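Colleague: Sharing a model that was predicted from the sequence below.
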Amino acid sequence: MKFAKLIGAETDEVAILCSVSDAISTIATSLPFQKVKNKIMFTDIDFPTVGHIWFAQEPFKDNISMIRSLNGEIPLEQYEKEITTDTFLTCIPHVNYYNGYKQNVREIADIAHRKGSLLFVDAYQSAGHIPIDVKEMDIDILTTGSRKYMLGIPGVSFLYINVYGTIEM
């Protein structure tokens, strides 16, 4: 599959869905709720649908937190402060949909993984025009759609899951 090659993944790590919302919902509804490590983090620079999906997850409703930006950007220190050892999953956009701010995914992955959190990256605003190597960037889960910079048609999205990951939950 060409998409797997584009992001440096194996073909068995990629699924095709109908939208990024579908991909995020698929992950959100399949995560096991745990009593201790149960915090879900997302950012205020994520596309609004991301927050809507997470807040709709009944098991996690009391354990969802939003990392707030400063002028549309989130410094690495903010991730260091907000992600805790109770964080199960951290969702971030590779690029802010509103102002184009590109995040340092590798550095955020290092912070998340050091604290035992999986990293879920929304690459809708970057895939196709900014190089992505999911292995080099240490991304656990990534989703994107084909319509924007991949110059594809609506109704096609991709979901990457690092099935060979080393994070233990």
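Modeller: All right, it came through fine.

Colleague: for the chain, what spans make up the helices?
Modeller: Along the chain, counting by DSSP state H, helices occupy 2-7, 20-30, 48-55, 76-82, 105-114.

Colleague: any residues touching the first one, and which ones?
Modeller: Helix 2-7 is touched from outside by 10-11, 13-14, 123, 127-128, 132-134, 142, 158, 160, with contacts defined as CB atoms under 8 Å, 6 or more residues apart in numbering. For the C-beta atoms, the positions are set from N, CA and C on the backbone; glycine is no exception.

Colleague: Check which residues of that helix are buried.
Modeller: For helix 2-7, the neighbour count (16 or more other CB atoms under 10 Å) marks 3, 4, 6, 7 as buried.

Colleague: ditto for stretch 5-17
Modeller: Buried residues in stretch 5-17, counted by 16+ other CB under 10 Å: 6, 7, 8, 9, 13, 14, 17.

Colleague: Which ones among these lie within strands?
Modeller: Mapping these onto strands (DSSP state E) picks out 14, 17.

Colleague: low-confidence ranges in this protein?
Modeller: Filtered on pLDDT under 70, the chain yields the residue ranges 165-169.

Colleague: residues in contact with the longest strand anywhere in the chain?
Modeller: Counting by DSSP E, the longest strand found in the chain is strand 87-93. Residues from elsewhere that reach strand 87-93 (CB under 8 Å, 6+ apart): 24, 27, 31, 34, 37-43, 45-47, 50, 54, 79, 83, 103, 105, 108, 112, 115-125, 169.

Colleague: what do you get if the cut-off is 7 Å, keeping everything else the same?
Modeller: For strand 87-93, the surrounding residues in contact (CB atoms under 7 Å, 6 or more residues apart in numbering) are 31, 34, 37-43, 45-47, 50, 83, 103, 108, 112, 115, 117-122, 125.

Colleague: Now which of these would you call buried?
Modeller: For the contacts of strand 87-93, a burial check counting by 16+ other CB under 10 Å picks out 31, 37-43, 45-47, 50, 83, 103, 108, 112, 115, 117-122, 125.

Colleague: any idea how far the residue lying closest to residue 18 once chain neighbours are set aside lies from residue 125?
Modeller: Leaving out its chain neighbours, the residue that sits closest to residue 18 by CB to CB, 6 or more residues apart in numbering is residue 155, at 5.3 Å. Per CB to CB, to the nearest Å, residue 155 is found 18 Å from residue 125.

Colleague: do residue 11 as well
Modeller: For residue 11, the distance to residue 125 - CB to CB - is 24 Å.

Colleague: Now render the helices of the chain as a markdown table, adding distance to residue 90.
Modeller: Converted to a markdown table, those look like this (distance: least, CB to CB, whole Å):
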| stretch | distance to residue 90 |
| --- | --- |
| helix 2-7 | 19 |
| helix 20-30 | 12 |
| helix 48-55 | 11 |
| helix 76-82 | 8 |
| helix 105-114 | 5 |
